[in-house]
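Asks: Give me a 3D structure for the following:
(one chain, ligands or ions: 1)
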Amino acid sequence: MASYLPSMEKVQHAVLGPRGGDKVADLQKETKEMSDKARLTTDYGVKQTSADDWLKIVNNDKTGPMLLEDPFARERIHRFDHERIPERVVHARGSGAFGKFKLFESAEDVTFAPILTDTSRETPIFIRFSTVLGSRGSADTVRDVRGFAIKFYTQEGNWDIVANNIPVFFIQDAIKFPDVIHAGKPEPHNEVPQAQTAHNNFWDFQYNHTEATHMFMWAMSDRGIPRSYRMMQGFGVNTFTLINAKGERHFVKFIFTPELGVHSLIWDEALKLAGQDPDFHRKDLWEAIENGVFPKWKFGIQVIPEADEHKFDFDILDATKIWPEDLVPVRYIGEFELNRNPDEFFPQTEQVAFCTSHIVPGIGFSDDPLLQGRNFSYFDTQLSRLGINWQELPINRPVCPVMNFNRDGAMRHTITKGTVNYWPNRFEKVKPATHEEGGYVEYAEKVAGIKARARSAKFKEHFAQAQLFWNSMSAVEKNHIINALGFELDHCEDPVVYERMVTRLADIDLGLAQTVAEMVGGEPPKEASRPNHGRKAPGLSQTEFPGSKPTIASRRIAILVADGYDQVAYSAAYAAISAGLAIPLVIGTKRSKIVAAGGAGSTTPHHHLEGFRSTMVDAIFIPGGVDSIRALSKNGRALHWIREAFGHLKAIGATGEAVDFVNKAIGLPAVSVSESAEVQDSYGVVTMRETKPGSLSEAVDIVKGGAGFMEKFFHNIAQHRCWARELDGLHSQVAY
Ligand code: HEM
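Replies: Next up is the predicted model:
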């Protein structure tokens, strides 16, 4: 995969030291380098003289039968025949990276876990992001929940937070997990559709489970189509507990918020990318890390004292509920970053295995009935995916000492010396640890109740937070939810499914139900099934997470050129984009040398217009140049690039002759362009007809209202999208 900026690895290494701490050193023991000095061997170490010919009976005029005797050939075929292991039963499609976690504020008032109290520590981590429903080879940009699983290699053992990018779940009780996943996965009779929720069974399940209402609203929102793994929040979803040194217990939820803000794709973009670049998210993560723009998240906790467990109108152990931030504020106490790509996908990203049951002293479970089931499921599924000794695999093993009497099993790796393998033993070897020695002591929770297949009363309310979510959305986000439901239900052929779903929407909001009914063909409900309480909550709308500061860092910005382009504008833009740590991608009418006007320079584009698409970039800049613009104006694909970027609400910059080209391509009177050396910013279309020396200088700080061309162009990119285009209905007037 292309790295468009010089690698900053050496600089970072000098400043930060080896990235990832102990885990890097630990993995080094298993890591081999290929070199031109190395010679090809079998797995048992014998050097091979040929990798091309199976041993056979042969002479100059006859190639005779091959010999089964050949151990080299047999080994190669055997190894190949058994390369595949079962893919994950859910979250099969994913990508991961290494990084580090740093605490900046001790949470010792609520926990004694050193990872959450010792601000001098740096803990290595591995994160795997994933989609849920698709198989390993499915596309990244489908509408789905995203997994966000973190393994913290702490000094006290591995701690896994197996999180998602949506804070709630479809079901309250783990016994329903096979049903929700079966309903979402391809249907059993024809194994269609792949990686989609847009089908009868998924929505049939949603209707039949009122508890899923809150979650499906999140999945239909822009959270279901993130722009990047680097621009998603993460939520532990389930309720865990924290125990402090005084032995007091608090309930806790974990929340991660990205420095780059929470941003999404446009649905049309996501659909096209699924075909044009199915690895879009995988490449995006890889590219950002290679280019040294390390993604960062703030690590937050929401905490409720044990005594307040019943003070809310929802059950705080119900995974279909959030803890609204106005009731339980998020306390950000640390941050983590990803700074190293894996060396090899299979032994690292594919074989990494997470368990919600992996917690460290100072952290505990709660009686959340989804969590309790998960605690059983993950270890169990790793047995069939990786085998009983999966925790010995390099990516999974802890960085702290491991010693116990677990023995044997397929592929046992560790050799433990000694004459006993049981406890107690006459030598007192490998004693259980005391609390003082760091042993895990379960919190002495008092539990009383009757044995029954039931949930407590508050678990029965299923609509209040679905309404809270809907009410908290911005106008644009509401549009997107309506359109998402319109798309999904349109793919349900069974009228029972979409007609019922329309009635379900009336449990949330009458207007929503009526609009969707009109789109998909159900009978529009006349009245709401229950009143909308009208309440909103902070932290639900993505508009509240623009990012910690406006930036173009890591954004892909296309520069469109043909022979005769304006060299001054081109090189100024290229330099400014690179200085902002964004990725300039030169897109030409061809991928061979393109010469600037008057022979003032030349460039060899990264891609040509047919090979790459506007969906793969965040913004477009077109420098002037009479001949270049003449060629681009006659190129239907170039016109499509502009119109599509406009439709996808992306910033478009143009100078000189390109101004008229862009104006004609968009063709909307509401969008005005520059007539002089003045910079015009109209609906995120930033133009400057006359360029003077220095008028395209770098935008060091991206501020609203900046006067220069680059400042305005970059400001629009940093806003992620020009929502005004959508609110004023302009994007839908352009064909793309
Ligand atoms: C709060 C709701 C849930 C969240 C946030 C969640 C999250 C995740 C994530 C992020 C992964 C991918 C791990 C990886 O990258 O390797 C995963 C995998 C998995 N989850 Fe969940 N999950 C949830 C509910 C459940 C439930 C209720 C069950 C079963 C009772 C379950 C069973 C599984 C299984 C079997 C895998 C595959 C693990 C593997 O093969 O490595 N999940 N889950």
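Asks: from here on, contacts and neighbour counts on C-alpha atoms
Replies: Noted.
Asks: Quick one: list the elements packing against the host helix or strand of H182.
Replies: Taking DSSP states H and E as the definition, H182 sits inside helix 177-184. Applying 3 or more C-alpha pairs under 8 Å, 6 or more residues apart in numbering; DSSP states H and E, we find helix 177-184 packed against helix 200-208.
Asks: mind listing what's buried in the helix it packs on?
Replies: Judged by neighbour count (16 or more other C-alpha atoms under 10 Å), helix 200-208 contains these buried residues: N200, N201, F202, W203, D204, F205, Q206, Y207.
Asks: and of these, the nearest to A139?
Replies: Nearest to A139 among the buried residues of helix 200-208 is F202, at 18.8 Å by C-alpha to C-alpha.
Asks: ok, the closest one touching G184?
Replies: Yes: contact criterion C-alpha atoms under 8 Å: F202 and G184 qualify, at 4.7 Å.
Asks: related to what we said a few turns ago, turn the buried residues of helix 200-208 into CSV, including pLDDT and distance to the ligand.
Replies: Below are those laid out as CSV (pLDDT from 0 to 100; distance: C-alpha to the nearest ligand atom, whole Å):
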residue, pLDDT, distance to the ligand
N200, 98, 22
N201, 98, 19
F202, 98, 16
W203, 98, 19
D204, 98, 19
F205, 98, 16
Q206, 98, 16
Y207, 98, 19
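Asks: follow-up on the earlier one: between the helix holding H182 and helix 200-208, how big is the angle?
Replies: Interaxial angle of helix 177-184 relative to helix 200-208 (axes from the mean of the first three to the mean of the last three C-alpha atoms, to 10 degrees): 130 degrees.
Asks: so, in contact with the ligand or not, helix 177-184?
Replies: Yes: Helix 177-184 lies within reach of the ligand by C-alpha under 6 Å from any ligand atom, at F177.
Asks: I125 in helix, strand or coil?
Replies: strand (DSSP: H, G, I helix; E, B strand; the rest coil).
Asks: Any idea how many residues pack against it?
Replies: When counting by other C-alpha atoms under 10 Å, one arrives at 25 neighbours for I125.
Asks: now E337
Replies: 25.
Asks: residues in contact with the longest helix anywhere in the chain?
Replies: Using DSSP state H to define each element, the chain has its longest helix at helix 369-386. Outside helix 369-386, the residues that touch it by C-alpha atoms under 8 Å, 6 or more residues apart in numbering are 85-88, 171-175, 238-239, 317-319, 351, 353-357, 365-366, 388, 390.
Asks: and those near the ligand, which?
Replies: R88, A174, N238, A353, F354.
Asks: I'd like to know which of the residues you listed are buried.
Replies: R88, A174, N238, A353, F354.
Asks: sec struct for the residue in the stretch 501-650 of the chain that the ligand sits nearest to, please.
Replies: Proximity to the ligand, evaluated over the stretch 501-650 of the chain using C-alpha to the nearest ligand atom, is greatest for L540 at 17.2 Å. What three-state DSSP gives for L540 is coil.
Asks: Look up the pLDDT of it for me, please.
Replies: L540 carries a pLDDT value of 98.
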